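Predicted model and sequence below, questions to follow.
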Amino acid sequence: MITPQNVLRHELIGLDVLVAAASNPSHAGISGRIIDETRNTLVIQTGRGLKRIPKKYSTLHIRLPDGTVVEVDGSALVARPEKRITMRIRLEG
Amino acid sequence: MAGNTRKRASRRLARERIETLFKRAAEFYPENPEWSNRCVALARKISMRQRVRIDRRFRRKFCRRCNAYLVPGSNARVRIHRGRVIVTCLSCGHQSRYLLVRSRHG
């Protein structure tokens, strides 16, 4: 089950997400369902079509299946999806 | 087997992710079968990396040659021949055969 503790290592495809902040202003505010994932990007299906946003420069609000919303710094997610499973999480504060 | 095959937590996560991915594949298929195929490809990669077997109920739902998510009647032809189920992938033509071992309903 996806928890805020393991969201960095779990499957993101299918989750609803909101790009809360991004260094590129046109990325901020994008919201929708994650369709695909690459090492550096997330492909999100929004009401306005498919958007591919970089992970590194975004802050994401991810809604987990049980309803909780987790705020994630995108740069913590930069990795190929199959490699993310083996990531060691270092939490600070 | 060889070396550090990752911790128990990673393997459990892998199993969950694989199951999630097959669920997504089923959801995506009606509108975007390409996304379903991508889910299958990812699930297989995770299974290979973490050395985790894909559950039997999912094992028959995709084509081993082309990673297509198979839906009988739509992109898969399912026939029975001499005690074996033959599934033909209509995307690439690859056939898989499965033995009918035990009857499931009574």
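Cool, the structure landed.

okay, CA-based contacts and neighbour counts for the rest of this
Noted.

which element is residue 35 on?
As the question left the chain open, I've gone with chain A. When elements are assigned from DSSP states H and E, A:Ile35 belongs to strand A:31-37.

you looked at the wrong chain, it should be chain B
helix B:33-50.

before we move on, the earlier item: strand partners of the next helix or strand after the strand holding A:Ile35, parallel vs antiparallel please.
Next helix or strand after strand A:31-37 toward the C-terminus (DSSP H and E): strand A:41-46. Strand A:41-46 pairs in its sheet with strand A:31-37 (antiparallel), strand A:49-54 (antiparallel), by DSSP bridges.

The first one to helix B:33-50, inter-axis angle?
Going back to what we said before, that points to strand A:31-37. 60 degrees (axes from the mean of the first three to the mean of the last three CA atoms, to 10 degrees).

which residues are in contact with strand A:31-37?
A:12-19, A:42-47, A:80-81, B:35, B:38 (CA atoms under 8 Å, 6 or more residues apart in numbering or on different chains).

circling back: which parts of the strand holding A:Ile35 are buried?
A:Ser31, A:Gly32, A:Arg33, A:Ile34, A:Ile35, A:Asp36, A:Glu37 (16 or more other CA atoms under 10 Å in any protein chain shown).

Can you tell me which residues in chain B are near chain A?
B:6, B:10, B:13-14, B:16-17, B:20-21, B:24, B:35, B:38, B:42, B:45-46, B:49 (CA under 8 Å from any CA of the partner chain).
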